[in-house]
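[1] Next one to model:
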Amino acid sequence: MPFEFPRLTRRGLIATGSAGLLTAAAGPSLAMPGPSPVDTGSVQGGRVAFPNWRGEADRPSAPPPAPLPPSERVGFAIVGLGRLSLEELLPAFGECKRARPVALVSGSPEKAALVAAQHGIKPSSVYSYADFDRIAENPEVQAVYVVLPNGLHREYVLRAAKAGKHVMCEKPMANNSAEAREMTVACDAAGVKLMIAYRCQYEPNNREVIRLVRSGAMGAPRFIEATNTQTMGTGDQWRFRKALAGGGALPDIGLYCLNTARAILGEEPVEVFARVFNPEGDPRYSEVEEAVSLCCASRPAPSPTARRATARMRARTCGCGWKRAGSTWRTPSPTRASGCASPTGKGRTRRSRRSACRRRTSSPWRSTIWRAASRRTGRRTRRGRRGCRTIC
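    Take a look at the predicted model:
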């Protein structure tokens, strides 16, 4: 006869299930193996570490992140909520292990309130530019990140220093050297740190390049060429306004080329030659340059040994007034040179002594040639290009 399923009722199902659970509990349990240290990891030096579980042909996995507790991270106030802050900086803060945004400064209350809610920032820590100085009363703010057009850097660095907060400022530091000096003096007087937001010289690959070049492992550097270009769009933006930008291609993107050369060589330019180009008929470049080409020559600072050797050589050669003034060498004046005489005043004519002085006191330190070109064009395309070519 065919098989018939028993009639199921709610009461019968509950009774059958209870009996099955009791039987399973009364029966022998299955022994499960314990976890392996390879799977659980261990706490080492305040962070969780795992042994390598991959085979020899695979790269070991990176260690898990070990962020500081939020209360121990450096609290930043972000000044300016433009593209850079919203597209780059705040997302990067989300991955940061040692810093966090704790305050916002913006001229748009609606935008600031929305961004603060998205990133968990208190409404009381949202400021306008007018009441920016109230950050001095916020103990969570330890540093201020100035992300404003170049022409506003000086004002907000000075105000942040007056509030007693450390400052990170976007590049370029200022529109001119006088503003930059004023900013450094103000931060020194307030006892706070000032940093310009260049990152390249801190990246591991670039630090290795710096080590190789400065160590002489590849020989003495003689020529560096760097190029940077950028396509420009509408002219209705602050980058085309000299009061806000300070200039065109050079302070916007050309400085990356210059800063890279300075960082790699550890040298500063001692000679500069430059050309600026602006296209005719393009109103975007009525205030700032489209292209810049520049050539620099640099000389490394002498080592203490080189300074001593050069000083001895000069002292032996003549007594025409070579003296060290502070950390720089002061060359003899023409008057002193015309009356140059040997330490003993004997043995040579005045003319021969002057010739020897000029020959033997020439600097033995090498020079490096820098050359740079920056360009923003709009002549062949609908959108202009901004660029910098730096040959250093």
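
[2] can you pull out the strands in the stretch 51-200 of the chain?
    74-79, 99-105, 126-127, 143-146, 166-169, 194-196 (DSSP state E, counting those that start in this stretch).

[3] Buried residues in the fifth one, which are they?
    What it means is strand 166-169. Buried residues in strand 166-169, counted by 16 or more other Cβ atoms under 10 Å: 166-169. (C-beta placed from N, C-alpha, C; glycine too.)

[4] Now tell me what touches it from outside.
    76, 142-146, 153, 157, 160-161, 183, 187, 192-197 (Cβ atoms under 8 Å, 6 or more residues apart in numbering).

[5] Now with 7 Å, please.
    142-146, 153, 157, 160-161, 187, 192-197 (Cβ atoms under 7 Å, 6 or more residues apart in numbering).

[6] Can you name the two of those that sit furthest apart?
    By the measure Cβ to Cβ, Q142 and H153 form the most distant pair in the contacts of strand 166-169, at 19.7 Å.

[7] Neighbour count: these two, which is higher?
    When Q142 and H153 are compared for neighbours, H153 comes out ahead with 26 against 17, by other Cβ atoms under 10 Å.

[8] Could I get the contacting residues of the more buried one?
    146, 169, 173-174.

[9] again, 10 Å this time
    H153 makes contact with 79, 146-147, 167, 169-175, 179-180, 183, 196, 246, according to Cβ atoms under 10 Å, 6 or more residues apart in numbering.

[10] Generate a ChimeraX selection restricted to the buried subset of these.
    Of those, the buried ones go into a single ChimeraX selection, burial set by 16+ other Cβ under 10 Å:
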select :79,146,147,167,169,170,172,173,174,175,179,180,183,196,246
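
[11] related to what we said a few turns ago, tabulate the strands of the stretch 51-200 of the chain (CSV), appending distance to A92 and mean pLDDT.
    Output for the strands of the stretch 51-200 of the chain, formatted as CSV (distance: least, Cβ to Cβ, whole Å; pLDDT from 0 to 100):
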stretch, distance to A92, mean pLDDT
strand 74-79, 11, 98
strand 99-105, 10, 98
strand 126-127, 20, 98
strand 143-146, 11, 98
strand 166-169, 13, 98
strand 194-196, 16, 97
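
[12] Of the contacts of strand 166-169, which count as buried by neighbour count?
    Buried among the contacts of strand 166-169 by 16+ other Cβ under 10 Å: 142-146, 153, 157, 160-161, 187, 192, 194, 196.

[13] which SS class is V276?
    strand (DSSP: H, G, I helix; E, B strand; the rest coil).

[14] ok, so what distance separates it from I224?
    Using Cβ to Cβ, to the nearest Å, V276 is found at 21 Å from I224.

[15] of these two, who's got more company?
    Set V276 next to I224 and count neighbours by other Cβ under 10 Å: I224 wins out with 21 against 16.

[16] Quick check: bridge partners of the more buried one?
    Counting by DSSP bridges, I224 is bridged to W370.

[17] So it sits against A297, correct?
    No. Between I224 and A297 there is no contact under Cβ atoms under 10 Å: 11.4 Å.

[18] Just list the residues touching V185, thanks.
    Contacts of V185 by Cβ under 10 Å, 6+ apart are 158, 161.

[19] State the distance from it to K122.
    Taking Cβ to Cβ, one finds V185 at 33 Å from K122.

[20] With A163 instead?
    18 Å.

[21] higher neighbour count, those two?
    A163 (20 against 12).

[22] Tell me the buried residues in stretch 71-84?
    By neighbour count on 16+ other Cβ under 10 Å, the buried set for stretch 71-84 is 73, 75-81.
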